[in-house]
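Trainee: just the structure for this:
(3 chains)
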Amino acid sequence: MTLLTLDWILLIEKLALIIVIILASLGIALYTTFAERKVAAILQDRPGPNRAGPFGLLQPLADGVKMFTKEDIIPSSASKWLFILGPGLAMTAALMTCAVIPWGGTIELFDRKIDLQIADINIGILYIFAVVSLGVYGIMIGGWASNNKFSLMAALRGASQAISYELAMGLSLIAVLMLTGTLSLGEIVKQQQTGWWNVVYQPLGFLIFFICALAECNRTPFDLPEAENELNFGYHQEYSSMKLGFYLFAEYINMIMSSAVMASLYFGGYDIPFVDDAHLYASIGNWTALIQVGVLLTKIIIFIFVFMWIRWTIPRFRYDQLMDLGWKSMIPLALFNMVVTGAVVLLKMNHWHF
Amino acid sequence: MNITHILFWFLSALALVSAMMVVVSKNPIHSILWLILVFFAISGHYILLNAQFLAIVNLIVYAGAIMVLFLFVVMLMNLNKETEQQKNVWMKLTGVIAGGCFLVSTCNVIFNAQSVSRELAGKTALMKEGSIGLIGTLGKALFSNYVIPFEISSVLFLSAMVGAVVIGKKD
Amino acid sequence: MQALTNRAKAVERRKMTFLERIYLWNIIKGMWITFKHMFTKNPTIQYPEKKREFSPVFRGLHVLNRDEEGRERCTACGLCAVACPAEAITMEAAERLPGEENLYREEKYAAKYEINMLRCIFCGLCEEACPKDAIYLSETFAPSNFNRKGFIYGKDNLLIPNPVTAAGDLAKAKGLN
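Mentor: Numbering: from 1, shown residues only, chains lettered A, B, ... in the order given. Predicted structure coming up:
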């Protein structure tokens, strides 16, 4: 067998990391659904789910059991395989993003340096973009395969919205890439560990990215694909049981992943604020990496809270307003931001001091 | 037979089978989905050649944007088996001839390449080798050696964009 | 036209200021409002554990009263049925036979007395019409049911427990112990 020319330990290590990260993000997503209801309740002066377990903490499990045991209906006029493929694709695309996010520093174990990042490819951000643009297919295929007018309309809306906001998102990102000079997320985070966080240099870019992330995740105020007052229930109208669960879950995983990306790009990723990480490594070793993971998770949780806070504050846009905002405000602003950043970077490179 | 070879054969088979399915599928939506799978397989090949940037851009641009637009149009036109109109025999014949010519010329290129440069034959895939496809190298090449064609093509895109806006503005 | 109240507000149609046009400022204001609501006390009452107290004028499910000796007060005069705006009450009268004096107070009594709780609007007019203090509206709800028949309450549902023979049940129904 010459097949064994692989670094098997590396393979096992990465496999373990993948399993841990996917399970963790599924667990977090499970509790994000709970947090969504709880946050909504707190903002609306009511207690929220509090019956299942202490403080209602077992509520997501109960929901999961309900989702699994409900009858799974495939409409007779639906295109069967695509109908099944849709939610699977949405879920896969949502989970694939986690591969390039640096979840922490390195851990030294048995004389091996283990990076807490599944793959540090040198085009990390573009990879995220590719995966996000694939997430559209989950919605489109599901909406079309349902053979329902409303689903189809919602799917078309979702796709056009995603494409429109991807542009502004990419343009706002280019400014960050100009500053850091790399596409690798690991490298971007490492650069922020020593200096200021990127949000200091790129406040406008961050704002645009954040708004676009809201639109990409189909969160209110951009949740037009599931505008229930216009489209009954949106693209997942015909779905039931765990297929519906996958769609809803994919939304929450998207939220977590976009929060992680925003934290990595603009808020220093796993960088512990006000602490010299390299110094910390010298004193407590591997524990630093765990603290870093905790810090990143905290940042993600704060972002998710802001997502929810916005959801329960701002009403939905009208479709033409959404397109106006995307094409007439976000893209020019992002272009402006890009040009200004480019000019400043160029001046800095030519040793202008100001 | 190492992992690169296995991946290469797998991706090639995937690309060919899905390409066949694009042509064979009766439902245009299915054709488009198979086409997306073809793009995936091709991106996989790019990654085998260590051209990560090209692989991802292929996915973003073709699978992520253009295919979505295709899907859009086809879904809105509501094409399916019933509404597909009968093509006449001459159309089919010309299609066969055109496709056959393309096949012959492609085969010719492949056989020539094999006989002319034997060293190419062993380099079907280079995992983690070469840096031609990496973004740094690619960017430097585009902005130094090929800056004029690059800028000209960008002007072309700009004019296309302006044209689209002008058409869109006309009521 | 003369305004009926002085609460009318003229709609402002001025141009939006720059701050309003960029929209962000108003979003922040809205977010601040929702943020403040995180710290307000929530008025929820945890229902099965804690129950909200009924108002003193609450009108709930009907009861048919008995007097102190446990005799039914109702004499089937039909005034409640006449007074009822929803026509929810029907009854059949019967004559008291000798030997039934310990069951019914008057010579005539309601052999059948039915209230349709789906029709009843709980207005309390029956209570006011009754000359014999026989019908009262209590402080409970009509419980839900799966079929319409279950909402037609007969005498067996409406009569209170006999204070002489079933004093314990009565005390329980009143919520005394």
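Trainee: show me what contacts the closest residue to A:G48 other than its chain neighbours?
Mentor: Leaving aside its chain neighbours, A:G48 sits nearest to A:A41 (2.8 Å; criterion: Cβ to Cβ, 6 or more residues apart in numbering or on different chains). All C-beta spots, glycine's among them, are computed from the backbone N, C-alpha and C. Counting by Cβ atoms under 8 Å, 6 or more residues apart in numbering or on different chains, A:A41 touches A:47-49.
Trainee: do you know how far A:A41 is from A:P49?
Mentor: 8 Å (Cβ to Cβ, to the nearest Å).
Trainee: against C:A166, how distant is C:D67?
Mentor: 15 Å.
Trainee: please, where are all the helices along chain C?
Mentor: With helices called from DSSP state H, chain C shows them at C:18-21, C:24-37, C:79-83, C:125-129, C:155-158, C:167-173.
Trainee: contacts for the last one?
Mentor: Same thing as helix C:167-173. Looking at what lies outside helix C:167-173 - Cβ under 8 Å, 6+ apart - the contacts are C:160-163, C:177.
Trainee: where does chain C get nearest to chain B, residue-wise?
Mentor: C:R21 (23.3 Å; Cβ to the nearest Cβ).
Trainee: for that residue, grab the count of nearby residues.
Mentor: 11 (other Cβ atoms under 10 Å in any protein chain shown).
Trainee: run a quick neighbour tally on the residue in the stretch 201-350 of chain A that chain C sits nearest to.
Mentor: Nearest residue of the stretch 201-350 of chain A to chain C (Cβ to the nearest Cβ) works out as A:T313 at 4.5 Å. The burial count assigned to A:T313 is 20, neighbours taken as other Cβ under 10 Å.
Trainee: cool, C:G99 as well?
Mentor: C:G99: 7 neighbours (other Cβ under 10 Å).
Trainee: kindly report the same for A:F222.
Mentor: Around A:F222 there are 24 residues (other Cβ under 10 Å).
Trainee: helix or strand: which one has the nearest residue to it once chain neighbours are set aside?
Mentor: Nearest residue to A:F222 in three dimensions, chain neighbours excluded: A:A215, at 4.0 Å (Cβ to Cβ, 6+ apart). Per DSSP states H and E, A:A215 falls inside helix A:203-216.
Trainee: point out where chain C drops to low pLDDT.
Mentor: Residues of chain C that meet the criterion pLDDT under 70 lie in C:1, C:175-177.
Trainee: name the helices or strands packed onto the longest strand belonging to it?
Mentor: Looking across chain C with DSSP state E, the single longest strand is strand C:108-116. On a contact count with 3 or more Cβ pairs under 8 Å, 6 or more residues apart in numbering or on different chains; DSSP states H and E, strand C:108-116 meets strand C:89-95, strand C:152-153, helix C:155-158.
Trainee: which residues touch it?
Mentor: Against strand C:108-116 from outside (Cβ under 8 Å, 6+ apart): C:62, C:64, C:72, C:74-77, C:88-96, C:103, C:151-155, C:158.
Trainee: quick one, that strand and strand C:89-95 angle?
Mentor: Computed with axes from the mean of the first three to the mean of the last three Cα atoms, to 10 degrees, the direction of strand C:108-116 lies at 160 degrees from that of strand C:89-95.
Trainee: now do the helix or strand harbouring A:V339, average pLDDT.
Mentor: Element membership for A:V339, per DSSP H and E: helix A:331-349. Here helix A:331-349 scores 87 as its mean pLDDT.
Trainee: which stretches of chain B have low pLDDT?
Mentor: In chain B, residues with pLDDT under 70: B:1, B:78-87, B:113-133, B:170-171.
Trainee: near chain A, which residues of it show up?
Mentor: Taking Cβ under 8 Å from any Cβ of the partner chain as the criterion, chain B approaches chain A at residues B:1-3, B:6, B:27, B:29-30, B:33, B:36, B:52-53, B:56-57, B:59-60, B:63-65, B:68-69, B:71-72, B:75-76, B:134-136.
Trainee: just to revisit the earlier point, for the helices and strands packed on strand C:108-116, could you give me JSON lines that also reports mean neighbour count and distance to A:V132?
Mentor: Converted to JSON lines, the helices and strands packed on strand C:108-116 look like this (neighbours: other Cβ atoms under 10 Å in any protein chain shown; distance: least, Cβ to Cβ, whole Å):
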{"stretch": "strand C:89-95", "mean neighbour count": "15", "distance to A:V132": "67"}
{"stretch": "strand C:152-153", "mean neighbour count": "18", "distance to A:V132": "61"}
{"stretch": "helix C:155-158", "mean neighbour count": "15", "distance to A:V132": "63"}
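Trainee: let me have those in CSV, adding distance to chain B as columns.
Mentor: Shown next, in CSV, are the helices and strands packed on strand C:108-116 (distance: least, Cβ to the nearest Cβ, whole Å):
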stretch, distance to chain B
strand C:89-95, 60
strand C:152-153, 54
helix C:155-158, 60
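Trainee: adding distance to A:S259, write the ones you listed out as CSV.
Mentor: Conversion of the helices and strands packed on strand C:108-116 to CSV gives the following (distance: least, Cβ to Cβ, whole Å):
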stretch, distance to A:S259
strand C:89-95, 63
strand C:152-153, 57
helix C:155-158, 58
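Trainee: looking at these, which is closest to A:P54?
Mentor: helix C:155-158 (40.0 Å; Cβ to Cβ).
Trainee: list the contacts of that closest one.
Mentor: Counting by Cβ under 8 Å, 6+ apart, C:62-64, C:110, C:112-115 sit against helix C:155-158.
Trainee: change it to 10 Å
Mentor: C:61-65, C:72, C:74, C:91, C:109-115, C:117, C:135, C:138, C:142, C:150 (Cβ atoms under 10 Å, 6 or more residues apart in numbering or on different chains).
Trainee: cool, stretch C:5-25 as well?
Mentor: A:207, A:211, A:314, A:325, A:329, C:26.
Trainee: could you list the buried residues of the strand or helix carrying B:H5?
Mentor: Element membership of B:H5 [criterion: DSSP H and E] is helix B:3-24. For helix B:3-24, the neighbour count (16 or more other Cβ atoms under 10 Å in any protein chain shown) marks B:4, B:7-8, B:11, B:14-15, B:18-19, B:21-22 as buried.
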